[in-house]
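Enquirer: model this:
(3 chains)
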Amino acid sequence: MKKITALLMMAVMLVSLFAGCGKSAQKNDAKPENTSEKTTEVAKNTESAKVEKIKIWVPTSGKYDDIDAVMAKVNEITRAKIGVEVEFCPLQFGQWFGQYSLLLSGTEDVDIMANYGGYLNAYSQGACLDLTDLLNEYGQDIIATEGEYLKGGMIDGRQYAIPIYAAYAWNMGLIYRQDVVDELGLTDQVANVKTLEDWEPILAAVKEAKPDMTPYVMNTGATASNFQYGTWDDLGNNYGVLLDGGKTSEVVNLFESDEYARLCKIMYDWNQKGYSSKDIQTQTDGFGTLTQNDAAFSTLGQTDFNTKFYQTTSIGKPIGIVMLGDAVGRTYNNVTYTVMSNTKHPEACMKFLNLWFSDTELGNLIKYGIEGTHYVVNGDGMAEYPEGQDANSCTYHLGASVSNTVAIRWVTENPDYVKLLNDANSSARRSVALGFAFNTDSVTNEITQLDNVRAKYQTGLETGVMDPDQYLPEFNKALKDAGIDKVIAEKQAQLDAYLGK
Amino acid sequence: MVRKDLGFQTICHLVLIIMSVLVLFPIALLFISSMSPESDIIKYGYSLVPKSFDFTAYKYIFKEGSVFHSYFITIIVTFTGTIVSILITTMLSYTLTVKELPGRGILSFLVLFTMLFSGGLVPSYMMWTTLFHIKNTIWALLVPNMLCNAFHIMITRSFFQNNIPPAILESARIDGMNEFGIFFKMVLPLSTPIIATIGFMKALMYWNDWTNSLYYITDKNLVGIQALLNNMLTNVKYLAQSMDASSVATDVANIPSLSMRLAIAVVGMIPMIILYPFFQKYYMKGLTVGAVKG
Amino acid sequence: MKKKNLSSRLKKYWPFYIMALPGLIYFFINCYIPMSGLILAFEKYSVSGGIFGSKKIGLQNFKFLFSNADAWIMTRNTLLYNLTFIVLGLVISIMTAFLLHELKSSLSRKVYQTVILFPSLLSVIIVSYLVNAILAGDTGFINNHILIPLGLEPVSFYSEKKWWPFILTFVHFWQMTGTSCILYLANISAIDTSLYEAASIDGAGRWQSFTKITIPCIVPTIITLTILAVGKIFNSDFGLFYQVPMNSGAIIDVTQTIDTYVYRGLLNTSNLGMTAAAGFYQSVVGFCLVFFTNMLVKKISKENAMF
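Expert: Alright, predicted model coming up:
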């Protein structure tokens, strides 16, 4: 009995201790809220001293211990230039994906929201503010930088999201170990590879010479399909695509196309010949991890002007690429920024986004922190960690940005990145569907079923574990039963409307 | 009799040894693989006899996060949460065993109903954050979905029904003991087996929980160990797949993702394994005390 | 007359209500307030409308659960796995608890018990990597260290359906036995030892005292646990059926459950309404089954009924 009482006492003490803790944390939390309310009130009363406070949520894999100091500097700039104070709420990626849908539900103090992996779910919940007029009024720098690619954030001709300025032009390509190719004397042969069929003899040679190295693996492990970055324009999902990167506006069924059957046959052939692992469809590690350990030779993936440089530095082994076709400019909405529909400060949000897009000092601050403390600029004009610091010991390195052209580059990056990016984006052929967004509201039922059919067949077929002669017809029949034709018809109708036909 | 008993004991041991081996083998594989270089696993496969040792993954885990601080948070939360929830659970369950209590059936039903129907994550998130403002407080780790659940109420109730003879309670009432006294001085001491069991299950729940932290905590100082490890796991996974040419991605690309995952599991288990024998002492005592008195 | 009776009863029982209060308040806040969110199952959610003000669309959110070719497969799998888990679970946990209880040496009891509890410390994601470490084609333990050295053909587990009902059942019990047997252990430990002594004086063997004393004494617990499990019969452990098979398509026919179907279907179009609808459907079925089972129990032995 004594023990029980003692335990209870202890528990009560602990709880009250934490209640205090909790309250103080709450207080800290509530503080900026109150002051922001106050400032808006003040702002309403005295137009001249108008400083609006906005909150922006971003995911990061970097460091943000020193965020208060950095934000103080950021706010010096934003207060002076646009009369806005901004508070960044960074979350680690793991947490981000857990909290994203909750933040979108509209209960939280969110003004600007970063969206990773598309913003259409946010849009369909009515969480995105229509930015069209704000953009025209306050977003001239964004328009100047992005040009036509800004359409990636449009739905039905209205701007709902600002996509970051990234590499819009890309195509499917082979990514491989250059040093292995050179070692085996295949350099010339690789230079002549134009199609996936041409790659087979290379794989054969690698299998022969390097028994420990799997000649072909999936790019990101089993989390994405093998043809995720296909030569076709997938129009948001793969039910109904434009072949050849959107040369014509005819929406076709990818899975019935000759191109898809051809790719599946090649993969099946490779798997049968042992160029890919028997377990390829449950591969847990990506190409990067595998090839770092000399366990993989090549993969298929998204390739653009910078893939070779980026993969080489990040993997730490010489990497080469073969792009299968020309780079095509496509709708990009993988990473976008949206303004919450219930924000009290829509103008301030747009002013801030525009400044972030165009102001080098601000861009550097948010991305790398305070110069001299969190990063230094080396002789080549590139940023790096100060003497004695590294990725682990640094106290601020958020890495987040909206424009890839404004902030200076990190020392591991391609020094010519900005020029190459602008060239690639402006010179590439564009898909006719650039800017098209598919509204799935009328076919939600079909999509849930189709996604389940895909889960059953897609990975198996695309990795070559399933025999396409047997399973591809089965796959297509299941897709038809699940209503793929209805989805394609709907998509065609929406695309025609978009193109003004 | 003695010989027969010996035979039975042997069978007991035999069956339990087989079970233990089945359990231990994969865990041994986990421990050993987490300490092997990633390249060995990829090339030679998983093995109980490592070719060499490598602690990069552990170094990364302990260097990166505030692992010890998170251990501390989790231990505090587990301890407090377990004790409070044992108290709430036993009190409510005991009430539900009082046969004559007006509304007993309705109350049981209301408790059971919560096990079957739930409003889902988003509505409860909205309530906890806008009505109770628990975001970034220790309450977020203790309260939502954790403090008390219908399953534990029901099994505790069935234990009370089964093992507390009403006659004892009746005689205590006649002796003039009040109901609180009866509960704390008679019922609880007779129920140590179920208290120990529920306590253990609660502790396990609190220890393993990372979802509350995922949803309600953004303050680094309040992140528990499982949430911290889970974050690392998803971060590494995200970066391993990322095509994003940012400076951060390049820095972290050298983390061994395979051994990392396994090391994370080990780091999450170890304190519980260290603490378990101490806990078990009380647990076993609880089991036997109840038996003697009952 | 009756009213007075009630008020006098209330007077007598008020301490119990006080004791029940913290728990009841907690259930009200934690479960009943958010339960209003069930209304989402009949709505198309929008931020401006919130939970109560969004557009009502009737039963449209439920359509995707029934209008597909896999509806039968996923329901069959969910039911069969759950029935197996319930029935086998009873046998395995009670036997394990009984064996642990009967052990003479308390040291070895401690050791065994600790060991079988280990797996409950692992999250299901980690379990899935462990299963992969054992089953994988190239790096897996079974293929690398057992089948190939024995000169047998390696098995590619992740593309052969026939193994998975056994693998999933094994993994389920591997992870769960430790925690489920301690419940029975608690109840077996609480049985009055004099009952056994009396039985052994009467010449009852171990098996007889097990069936005649142990089992009847834990019947209420068995009934409680079974009714609770029946209520969850349309639900499944998502991690076990999605993570452990590594989301492999080739074996979907034997791993698809209602939960995995909903997850796969809504992964790319997160839809609050449809998620709520699926949960609602599972709950209604579980509720009906619990109600029915409880009625049955009430008929047979009134004191063991749940409500």
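Enquirer: So stretch B:276-283, near chain C or not?
Expert: Yes - applying C-beta under 8 Å from any C-beta of the partner chain, one finds that stretch B:276-283 is in contact with chain C at B:Tyr276, B:Pro277, B:Gln280. (Each C-beta comes from the backbone N, C-alpha and C, glycine too.)
Enquirer: ok now that stretch, how far from the chain's centre?
Expert: Distance of stretch B:276-283 from its chain centroid, counting by C-alpha atoms, centre = their mean, to the nearest Å, is 15 Å.
Enquirer: ok, that stretch near chain A or not?
Expert: No - if you take C-beta under 8 Å from any C-beta as the test, stretch B:276-283 misses chain A, and the best it gets is 9.2 Å.
Enquirer: CA atoms only: put that stretch into PDB for me.
Expert: These are the backbone C-alpha positions of stretch B:276-283, laid out as PDB (Å, rounded to 0.1, in the frame of the first residue of the first chain):
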ATOM      1  CA  TYR B 276      13.100  -4.900 -18.400                       C
ATOM      2  CA  PRO B 277      14.700  -7.200 -15.700                       C
ATOM      3  CA  PHE B 278      14.200  -4.500 -13.000                       C
ATOM      4  CA  PHE B 279      10.600  -4.200 -14.100                       C
ATOM      5  CA  GLN B 280      10.200  -7.900 -14.300                       C
ATOM      6  CA  LYS B 281      11.100  -8.400 -10.700                       C
ATOM      7  CA  TYR B 282       8.000  -6.500  -9.700                       C
ATOM      8  CA  TYR B 283       6.000  -8.000 -12.400                       C
END
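Enquirer: Show the average pLDDT along that stretch.
Expert: The pLDDT scores in stretch B:276-283 average 78.
Enquirer: One more: stretch B:113-121?
Expert: Computed over stretch B:113-121, the average pLDDT equals 90.
Enquirer: if we look at that stretch, which residues are touching it?
Expert: Contact with stretch B:113-121 is made by A:102, B:149-151, B:154, B:215, C:27, C:30-38, C:40, C:228, C:231-232, C:272, C:275-276, C:279-280, C:283, C:286-287, C:290, as judged by C-beta atoms under 8 Å, 6 or more residues apart in numbering or on different chains.
Enquirer: That one spans what distance, first to last residue?
Expert: 17 Å (C-alpha to C-alpha, to the nearest Å).
Enquirer: got it, and stretch A:242-261?
Expert: 16 Å.
Enquirer: which other residues reach it?
Expert: A:171, A:227, A:230-235, A:238-241, A:325-326, A:328, A:330, A:429-434, A:468, A:472, A:475-476, A:479, A:484-485, A:488, A:491-492, A:495-496, A:499, A:501.
Enquirer: which parts of that stretch are buried?
Expert: Judged by neighbour count using 16 or more other C-beta atoms under 10 Å in any protein chain shown, the buried positions of stretch A:242-261 are A:242-246, A:249, A:251-255, A:259-261.
Enquirer: Could you do stretch A:121-137 as well?
Expert: A:Asn121, A:Ala122, A:Tyr123, A:Ser124, A:Gln125, A:Gly126, A:Ala127, A:Cys128, A:Leu129, A:Leu131, A:Leu134, A:Leu135.
Enquirer: Closest one of those residues to chain C?
Expert: Nearest to chain C among the buried residues of stretch A:121-137 is A:Gly126, at 3.7 Å by C-beta to the nearest C-beta.
Enquirer: tell me the secondary structure for the nearest residue to the closest one once chain neighbours are set aside?
Expert: Leaving out its chain neighbours, the residue that sits closest to A:Gly126 by C-beta to C-beta, 6 or more residues apart in numbering or on different chains is C:Ser46, at 3.7 Å. At C:Ser46, secondary structure determined by DSSP: H, G, I helix; E, B strand; the rest coil is coil.
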